[in-house]
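> make a model of this:
(chains A and B)
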Protein chains: 2
Amino acid sequence: MICGGGRLPGDIAAKVEAGGRPVVMFAIEGWADPAVVAPFRHHWLSLARYGTFLRLMRQEGCRDLVVIGILLRPSLWQLRPDLGTVRVLPRIVRAFRGGDDHLLTSLGRMLEDDGCRLLGAHEVAPDILAAAGPIGARMPGARDAADIALGLGLLAATSPFDVGQAAVVANRHVLAVEAAEGTDRMLARIAELREIGRIKLPRGVGVLVKAPKVGQDQRFDMPTVGPNTIDGVARAGLAGLAVAAGGVIVAEPQEVVRRADAAGLFAVGVPTPEGA
Amino acid sequence: MICGGGRLPGDIAAKVEAGGRPVVMFAIEGWADPAVVAPFRHHWLSLARYGTFLRLMRQEGCRDLVVIGILLRPSLWQLRPDLGTVRVLPRIVRAFRGGDDHLLTSLGRMLEDDGCRLLGAHEVAPDILAAAGPIGARMPGARDAADIALGLGLLAATSPFDVGQAAVVANRHVLAVEAAEGTDRMLARIAELREIGRIKLPRGVGVLVKAPKVGQDQRFDMPTVGPNTIDGVARAGLAGLAVAAGGVIVAEPQEVVRRADAAGLFAVGVPTPEGA
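Residues are numbered from 1 along each chain as shown, chains lettered A, B, ... in the order given. Next up is the predicted model:
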């Protein structure tokens, strides 16, 4: 398991080991959380140490590889490649020229050429994905349903451009579209715009809609919601959040339910052609 | 002329009066700048004083109406309607249910039913629109041209959803899509994301792309760039900006050119199917 930031890698590793499969974590320096990594067999690795990674992976007898956790697009200028990386550098440079999608797909293909079988986190721990239906106690109303439909339509339209995977829609009006800032900052923006009076809707109107890009390689960079997302939705004064069923990871689901219920927000998995 | 915020209403009114047509400004309280309005015959008006507006307009013998300047979507809850507004309130409520586009189109139709001929600012002062070609001294390079094409494609795709009219694309990667925050705040976000290391591109890469929504009623809410936009592009560390020729207003064009040249940015009008 290549392990980026956040607690999700630990949760997934625990599920996999509970199922009887041993896990070796390759914790990315600067991203992975030492406390998350500590309970598992692990190696620390900086990015662009592809040669070291391949050697360790073979030593450990790993076959299947999962890439999980927060790992932002690094700058090509910041990487200090080892020899194994230099060998594949032309491919990496080509990969960096496209969007995130292209980058991850290219790196995935590279790993497969070197004998790894790449699996999505949801393939080793299927119950991490949102199912269709309510996640907490509340359900969206008719106005929310219209906002959700508009948001899903918008995300499908922006999908070919390799943009972010989330938008905020309130009263059939698009308030925000996520790109490089990520979901948490997009939600913080809604809260700020509301504070300065640029968004004048009453609280409790509007939905965060999150869905995978159409045709996204679901083995990497699956869109994820967690307790932080619920807090962000609450601070933004929205009514709730909707995620594409089967296409979005729910991290720490009990905590997600607890916070959504406490804040009076709905959280719902909605069927989409892509997620289904 | 219904006059919102910014200096543009004054520039346009001056052009129209220079052409020999008298102008009466209906300055919106809270939005219009008293210094901009002062040189012209004017009346101050709060929003939702539709009855007063119609009476004054008839008294003044106005026939043609231009709506121009910054006028953000107000909250229906904040308006204190007069009797003339109450008469049209059901139409206003219906108008508010859609996006900005829908809102403006509906209000426009309402004004026409009451005998106003609505004109776009570019119809009374045609040279305020960006022409195809360089606006300042610099020209975009090949990488910029690819970013511009991607940005225009994205804006065409989001257009049916009545989203904002601008995006930032760098190295064929979409960094930001504008919605309720507006262009200036979107550019400030790029600067912040760069500062905190979330965007790691070197300075001088990336383009602000701005275009009207496809099928947008160009009589209202035309996308506009001005000196502030140039400052925002510079602070965001981009290479320049591209606007749809014939579809975007350039406010204070000499100052735009001066600041773009001083900052080493390109500014260019690009032909689009819509703008042409």
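> assign a three-state SS to whatever residue of the stretch 101-250 of chain A ends up closest to chain B, would you?
Using Cβ to the nearest Cβ, residue A:200 is the residue of the stretch 101-250 of chain A that sits closest to chain B, at 3.4 Å. (C-beta placed from N, C-alpha, C; glycine too.) Following DSSP: H, G, I helix; E, B strand; the rest coil, the label given to residue A:200 is coil.
> what about it, how many neighbours?
Residue A:200: 14 surrounding residues under other Cβ atoms under 10 Å in any protein chain shown.
> need phi/psi at it.
Residue A:200 has phi and psi values of phi -110, psi 10 when expressed as degrees, to the nearest 10.
> where's residue A:148, which helix or strand?
helix A:142-158 (DSSP states H and E).
> list the beta-bridge partners for residue A:117.
The partner list for residue A:117 in beta bridges (DSSP bridges) reads residue A:64.
> so what's it up against?
A:63-65 (Cβ atoms under 8 Å, 6 or more residues apart in numbering or on different chains).
> roughly how far apart are it and residue A:61?
13 Å (Cβ to Cβ, to the nearest Å).
> likewise residue A:2?
On the measure of Cβ to Cβ, residue A:2 and residue A:61 end up 16 Å apart.
> neighbour count for these two, which is higher?
Taking other Cβ under 10 Å, residue A:2 and residue A:61 do not tie; residue A:2 has more neighbours (24 against 8).
> per-residue confidence for the more buried one?
pLDDT for residue A:2: 86.
> phi, psi of the closest residue to it other than its chain neighbours?
Once flanking residues are discounted, residue A:2 sits nearest to residue A:67: 4.5 Å by Cβ to Cβ, 6 or more residues apart in numbering or on different chains. When read as degrees, to the nearest 10, the backbone of residue A:67 gives phi -110, psi 120.
> burial check on residue A:67, number of neighbours?
24.
> could you do residue A:126 as well?
11.
> got the phi and psi for it?
According to degrees, to the nearest 10, residue A:126 has phi -60, psi -30.
> straight-line length of stretch A:136-145, end to end?
Start-to-end span of stretch A:136-145 (Cα to Cα, to the nearest Å) is 16 Å.
> flag every buried residue along it.
A:136, A:138, A:140, A:143-144 (16 or more other Cβ atoms under 10 Å in any protein chain shown).
> shaky segments in chain A?
Residue ranges of chain A with pLDDT under 70: A:70-107, A:215-221, A:273-276.
> what about the helices in it?
Using DSSP state H, the helices of chain A run over A:8-18, A:34-37, A:50-60, A:83-97, A:100-113, A:121-124, A:142-158, A:182-195, A:227-235, A:253-263.
> which one of those lies nearest to residue B:233?
Residue B:233 lies closest, by Cβ to Cβ, to one member of the helices of chain A: helix A:182-195, at 19.5 Å.
> quick check, residue A:184 in contact with residue A:230.
No. With contact defined as Cβ atoms under 8 Å, residue A:184 and residue A:230 do not form a contacting pair (11.2 Å).
> more neighbours: which of those two?
Taking neighbours as other Cβ under 10 Å, residue A:184 and residue A:230 compare with residue A:230 leading, 27 against 14.
> need the nearest residue in space to the more buried one, chain neighbours excluded.
residue A:259 is the one closest to residue A:230 (Cβ to Cβ, 6+ apart), at 4.3 Å.
> list the residues that contact that neighbour.
A:227, A:230-231, A:234.
> now tabulate those in TSV and tack on distance to residue A:168.
Below are the contacts of residue A:259 laid out as TSV (distance: Cβ to Cβ, whole Å):
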residue	distance to residue A:168
A:227	19
A:230	14
A:231	15
A:234	13
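> would you mind checking those for buried ones?
Buried members of those, scored by 16+ other Cβ under 10 Å, are A:227, A:230, A:234.
> which one among the residues you listed gets closest to residue A:176?
For the buried ones among the contacts of residue A:259, the nearest to residue A:176 is residue A:234 (15.8 Å; Cβ to Cβ).
> just to revisit the earlier point, residue B:30: which of the helices of chain A is closest?
Nearest to residue B:30, of all the helices of chain A, is helix A:182-195, at 17.5 Å by Cβ to Cβ.
> would the closest one count as contacting chain B?
Yes. Shown here: helix A:182-195 in contact with chain B (Cβ under 8 Å from any Cβ of the partner chain) through A:182, A:185, A:189-190, A:193.
> contacting residues around that helix?
Helix A:182-195 has contacts (Cβ under 8 Å, 6+ apart) with A:164-166, A:168, A:175-178, A:181, A:199-201, A:206, A:208, A:210, A:225, A:228-229, A:232-233, A:235-238, B:180-181, B:185, B:189, B:193, B:198.
> quick one: the nearest residue to residue A:161 once chain neighbours are set aside from residue A:158, how far?
Using Cβ to Cβ, 6+ apart and skipping residues adjacent in sequence, the residue nearest residue A:161 is residue B:154, 4.6 Å away. Here residue B:154 is placed at a distance of 7 Å from residue A:158 (Cβ to Cβ).
> overlap in contacts, those two.
Common neighbours of residue B:154 and residue A:158 (Cβ under 8 Å, 6+ apart) are residue B:177.
> and the stretch 151-276 of chain A, which of its residues are near chain B?
Counting by Cβ under 8 Å from any Cβ, the residues of the stretch 151-276 of chain A near chain B are A:153-154, A:157-158, A:160-164, A:167-168, A:171-182, A:185, A:189-190, A:193, A:198-202.
> buried ones only from the residues you listed, please, as a PyMOL command.
The PyMOL selection below is limited to those of those classed as buried (16+ other Cβ under 10 Å):
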select buried, chain A and resi 154+157+158+161+162+163+164+167+168+171+172+173+174+175+176+177+178+179+180+181+182+185+189+190+193+198+199+201
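> grab the nearest non-local neighbour of residue A:180.
Nearest to residue A:180 is residue B:175, by Cβ to Cβ, 6+ apart, at 4.4 Å.
> that neighbour contacts residue B:151, correct?
No. Here residue B:175 does not reach residue B:151: they are 10.1 Å apart, not a contact under Cβ under 8 Å.
> quick one: common contacting residues for the two?
Jointly contacting residue B:175 and residue B:151 under the rule Cβ under 8 Å, 6+ apart are B:168-169.
> CSV please, covering the contacts of residue A:117 and showing neighbour count.
Shown next, in CSV, are these (neighbours: other Cβ atoms under 10 Å in any protein chain shown):
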residue, neighbour count
A:63, 10
A:64, 13
A:65, 20
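> let me know the closest of these to chain B.
residue A:65 (25.3 Å).
> how is chain A divided into domains?
Domains of chain A are assigned by automatic domain parsing as A:2-124, A:129-270.
> need the winner for burial among those.
domain A:129-270 (a mean of 21; mean count of other Cβ atoms under 10 Å in any protein chain shown).
> tell me how far that one lies from the chain's centre.
13 Å (Cα atoms, centre = their mean, to the nearest Å).
> list the contacts for the nearest residue to residue A:132 once chain neighbours are set aside?
Excluding its sequence neighbours, the residue lying closest to residue A:132 (Cβ to Cβ, 6+ apart) is residue A:245, at 3.9 Å. When contacts are counted by Cβ under 8 Å, 6+ apart, residue A:245 touches A:129-133, A:269-272, A:275-276.
> and residue A:245, how far from residue A:166?
Counting by Cβ to Cβ, the gap from residue A:245 to residue A:166 is 15 Å.
> same question, residue A:159
12 Å.
> repeat that for residue A:21.
32 Å.
> show me what the residue lying closest to residue A:240 once chain neighbours are set aside is bridged to.
Leaving aside its sequence neighbours, residue A:240 sits nearest to residue A:266 (Cβ to Cβ, 6+ apart; 3.4 Å). Residue A:266 has the following beta-bridge partners by DSSP bridges: residue A:138, residue A:240.
> ok, residue A:266 - contacts?
Residue A:266 touches A:134, A:136, A:138-140, A:144, A:239-241, A:260, counting by Cβ under 8 Å, 6+ apart.
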